[in-house]
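Colleague: would you be able to build a 3D model of this:
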Amino acid sequence: MKKLIGALSALLLALSLPAQDRSTFRTEMEILKQKYGIGFVYDASLGLDASCQPVVDLASLQISLQELFRDSGIDYELRGKTVILHKEGEPDRPWVDTLAAAVKTDWQTRENPGTLQSDMPRIRSIISPLGEGDPLRWVQTLPGVATGADGTSALYVRGGNLGNNLLTLDGVPVYGYSHLLGLTTVIPPEAVESVSLSRGGFEGGQGNFTASHLRIRSKAPGMEGQKTSFSISNFLVSASTEGKAGKQVSYSVSGRISPLALEYRAFRKMLPDVLRGFDGFGAGVGDLYGQVRWQISPNRQLSGFVLGSLDHYRFSQADGTGDSVGWNNIIASVGYQDRQGGVNTEVRAYVNRYASSQVEEKTYRGEWQKLSLRSVMTEFSLAASQTRQGGAFFRYSYGLNLRDALFNPGQVASVSHFSNGLLTTAWIQGNYDIPEKLSLMLSVRGNLFTRFRVGETFFTPDAGFAFKWHPVPQFGLDLTFDRSSQFYHTLEGLPTGWSLDIVVPSGKTVRPETATQAYAGLDLQLDRHTVSVGAFRKWMQGLVYFKYAPTLFSGALAEWEEHVDTGRGNAYGAEFQYEYAGKDLQVHIAYTWSRTNREGFASVLDGAPFHARFDRQHILNASASWRGFQVAFTYQSGHWENSVAQQAQMHFLGETWTAEYFNSSGINDYHMPDVLRLDLGYQFSFDSRRCHHELNIGVCNVTNHFNPFMLYYNAQTEEWEEIALLPILPNISYKISF
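Modeller: Next comes the predicted model:
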């Protein structure tokens, strides 16, 4: 332990070494164009070939622009995805508006061949039951991504399990990110600057996942001065404010609360057959986010944020039986950033607590049973990284991350299963980028996971590779290769893919999960048209199968290590994406063909292969917008489920009893119907005297297609019932800012 702390201290002491290489404004602008998908409009007399300090791995476009043009004599103005440059004190010239409107920018931009990125204005324009889109809704429109039940937040990326994905806010993992029964995330949209999804070519600083990384970057508060906004949608009411407290300190606060339970009561009277099998529904949903940034000097910054969220739901039936589920997050983080002479140093510490609870009250053939379970995971982390510019096109970075996690899954009364684990990760990465010509990334990462109480230690090496080559400007070749590992495992709950799941550590019965993945693809850009096509192959080891997951509330969670099976998985598929980015018309089409299998689980079909959960062979997402009018279409192949009701053993405080519920051994014996959904919407904004107004209106599931949310076994009738959560649903979102 002393050696690890010493290594981290040595890294922190090596922060002041200067870099010798310099760059030019034009070179840095090309890098920003690639990273953020922006265009520049400027006069040739600005002298952009002059030397400047490189912009190194900054968190947002606004901060990058501010750093690049500070003390340069050049002013900038960001209009949508276009940056207008002119001399300080000199007004825009008459041709600026015309030229700015004609600048072509990509709808979704790539950071590297395995990553797609978008900003919040584009994401919020996606049609959703909340009246506006969020990061999860955006991700579910991308190739290579399958969803769980219709309307949920579940993501199954290139054959991985739900728990193989990572979502972070400014580098901090958010483990219970599902909100409002999966309709959105726990992160308020007013706090978000940009979002990116990495499906391959994983960077060195990314770790402890094997499928994808959804990275959310917060918005720098106070950039627009004092600003307050209120918004209301179908299921959320929110308020936010941001501003400055002096010249160097800025802040932002956002909060949301849901009147879902009240709306359900009114909705139930109008459409009583929507939630079949349920007689009552209650909910408590809310979140609160706060951020403070102290600009110590032009090159040094101290920032911190807190995030809290709550989700609690109860489904009840007329006879008094019912299910209750809930989860919550409490996160506090502080970070320091120093940019000096082409060297960018970042240090971050955080504490992260995720808890979930479940209660079941049922009568099984005349016998009343009640189970109450609670699970908690708390993580403490300290991380440091440094990025250096090694020339006009080369940069390298390295870092160290310490994470101490405390796990207590499946608490039943006084019975608990406490354990802890220290995950130490060291990494190094090199990037070589020639704008619009070549992009190359290679990362190497070493992971050491130690459970001191039981004397278990695991070491795994990881690697990431990403290559993009443009032999001609219109044509590109993409290649990625990854070997990744994961030490926190998810025991999935309901068969809908909610983020309600139990997180447990690697150990003697559950070794680290690993995945090896390769991808090859081609890009073609012609004027405003962008086409990409590629194929992937993936091999997974150590995948977790929890035998009692379908029962959800089984007391077996308190003895989870005795009821976990591990096996292998493989996936392959082809991905296609087309985008048209016109002045008034934007079109996006994504199609995925894939197959995903699991095998080698001793307790499942004696190790024989079977379809993975939510293995959807065909996935098509298409959308178009024209002058505010929007249309979106989704088709997903039906997936296989477990359906035959048999007696399954339940464990509770040392006693064993049986119940009729999901079959614990039958696999792929019921095929769910296809998901088919058509959504329509309209978005517009306007300004009044002192306020800015935004309005999104639309209809989700226009055809009222019965897309099943989940299978539910009615213990009274001993029959299966399919439940749909999203019938035809008008949506509205109104936001006022001043």
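Colleague: what sits against Leu442?
Modeller: Contact analysis of Leu442 by Cβ atoms under 8 Å, 6 or more residues apart in numbering lists 429-430, 463-465. Heads up, the C-betas are built off the backbone N, CA and C, glycines and all.
Colleague: let me fix that: Gly286
Modeller: 255-258, 309-310.
Colleague: which element is it on?
Modeller: strand 280-297 (DSSP states H and E).
Colleague: and that strand, how far out from the chain's middle?
Modeller: Strand 280-297 has its C-alpha centroid displaced from the chain centroid by 17 Å (Cα atoms, centre = their mean, to the nearest Å).
Colleague: please name every helix or strand in contact with the helix or strand that contains Ser324.
Modeller: Using DSSP H and E, Ser324 falls within strand 322-340. Other elements packing on strand 322-340 under the criterion 3 or more Cβ pairs under 8 Å, 6 or more residues apart in numbering; DSSP states H and E are strand 300-316, strand 343-364.
Colleague: among these, which is nearest Arg690?
Modeller: strand 300-316 (29.0 Å; Cβ to Cβ).
Colleague: return the distance of the residue nearest to the spatial centre of the chain relative to Trp469.
Modeller: Central residue of the chain (Cα atoms, centre = their mean): Leu214, 3.4 Å from the mean position. Computed with Cβ to Cβ, to the nearest Å, the distance linking Leu214 and Trp469 is 27 Å.
Colleague: with Ser485 instead?
Modeller: Using Cβ to Cβ, Ser485 is found at 29 Å from Trp469.
Colleague: for Ser356, same thing?
Modeller: From Ser356 over to Trp469 (counting by Cβ to Cβ), the distance is 46 Å.
Colleague: please say which of these two ends up with more neighbours.
Modeller: Ser356 (24 against 15; other Cβ atoms under 10 Å).
Colleague: need the per-residue pLDDT for the closest residue in space to the more buried one that isn't next to it in sequence.
Modeller: Once flanking residues are discounted, Ser356 sits nearest to Trp327: 4.1 Å by Cβ to Cβ, 6 or more residues apart in numbering. The predicted local distance difference test score for Trp327 is 90.
Colleague: give the burial count for Trp327, as a bare number.
Modeller: Trp327, neighbours per other Cβ under 10 Å, totals 26.
Colleague: how about the one 4 residues further on?
Modeller: Under the neighbour criterion other Cβ under 10 Å, Ile331 is assigned a count of 22.
Colleague: shouldn't His207 be within a helix?
Modeller: His isn't right for residue 207; it's Gly. No: Gly207: not assigned to a helix; according to DSSP: H, G, I helix; E, B strand; the rest coil it is coil.
Colleague: let me know the pLDDT of it.
Modeller: pLDDT for Gly207: 92.
Colleague: follow-up on the earlier one: indicate which one of the helices and strands packed on strand 322-340 is closest to Arg598.
Modeller: When the helices and strands packed on strand 322-340 are compared (using Cβ to Cβ), the closest one is strand 343-364, at 24.5 Å.
Colleague: the helix or strand following that closest one: which residues count as buried?
Modeller: Counting by DSSP H and E, the next helix or strand C-terminal to strand 343-364 is strand 367-389. Within strand 367-389, the residues that count as buried by 16 or more other Cβ atoms under 10 Å are 371-379, 381-389.
Colleague: mind listing what strand 367-389 pairs with, with the direction of each?
Modeller: If you go by DSSP bridges, strand 367-389 pairs up with strand 343-364 (antiparallel), strand 394-411 (antiparallel).
Colleague: show me the shaky parts of the stretch 251-400 of the chain.
Modeller: 267-279, 363-367, 369, 371 (pLDDT under 70).
Colleague: in the strand holding Ser324, which residues are buried?
Modeller: 322-329, 331-333, 335-340.
Colleague: same check, this time on stretch 693-709
Modeller: 694-698, 700-701, 705-709.
Colleague: tell me which two of those sit farthest apart.
Modeller: Glu694 and Pro708, at 33.3 Å, using Cβ to Cβ across the buried residues of stretch 693-709.
Colleague: for Phe394, list each beta-bridge partner.
Modeller: Here Phe394, judged by DSSP bridges, has bridge partners Tyr432.
Colleague: do the one 10 residues further on as well
Modeller: With DSSP bridges applied, Asp404 shows beta-bridge pairing to Phe380, Leu422.
Colleague: wait, what's in contact with His692?
Modeller: Contacts of His692 by Cβ under 8 Å, 6+ apart are 685-686, 736-738.
Colleague: ok, and the most crowded of these?
Modeller: Top of these by neighbour count (other Cβ under 10 Å): Ser737, with 18 neighbours.
Colleague: how near is that residue to Ala220?
Modeller: When Ser737 is compared with Ala220 (using Cβ to Cβ), they lie 17 Å apart.
Colleague: CSV for the contacts of Gly286, including neighbour count and distance to Ala283?
Modeller: Listed next are the contacts of Gly286 as CSV, based on neighbours: other Cβ atoms under 10 Å; distance: Cβ to Cβ, whole Å:
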residue, neighbour count, distance to Ala283
Gly255, 17, 17
Arg256, 25, 13
Ile257, 15, 11
Ser258, 26, 7
Ser309, 25, 13
Leu310, 19, 10
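Colleague: quick check, nearest of these to Ala581?
Modeller: Using Cβ to Cβ, those come closest to Ala581 at Arg256, 31.3 Å.
Colleague: so is Asp606 in a helix, a strand, or just coil?
Modeller: Assignment for Asp606 (three-state DSSP): helix.
Colleague: for the closest residue to His611 other than its chain neighbours, what are its contacts?
Modeller: The shortest distance from His611 to any non-neighbouring residue, by Cβ to Cβ, 6+ apart, is to Trp640 (4.6 Å). Shown in contact with Trp640 (Cβ under 8 Å, 6+ apart): 610-611, 615, 667-672.
Colleague: out of these, which is nearest to Ala146?
Modeller: Asp615 (7.7 Å).
Colleague: outline the domain layout of this structure.
Modeller: 2-36+38-102, 115-737 (automatic domain parsing).
Colleague: just give me how far the longest one sits from the chain centre.
Modeller: With Cα atoms, centre = their mean as the basis, domain 115-737 stands 5 Å off its chain's centre.
Colleague: and the lowest mean pLDDT element among the helices and strands of the protein?
Modeller: Ranked by mean pLDDT, DSSP states H and E, the helix or strand of the chain with the weakest confidence is helix 2-13, at a mean of 37.
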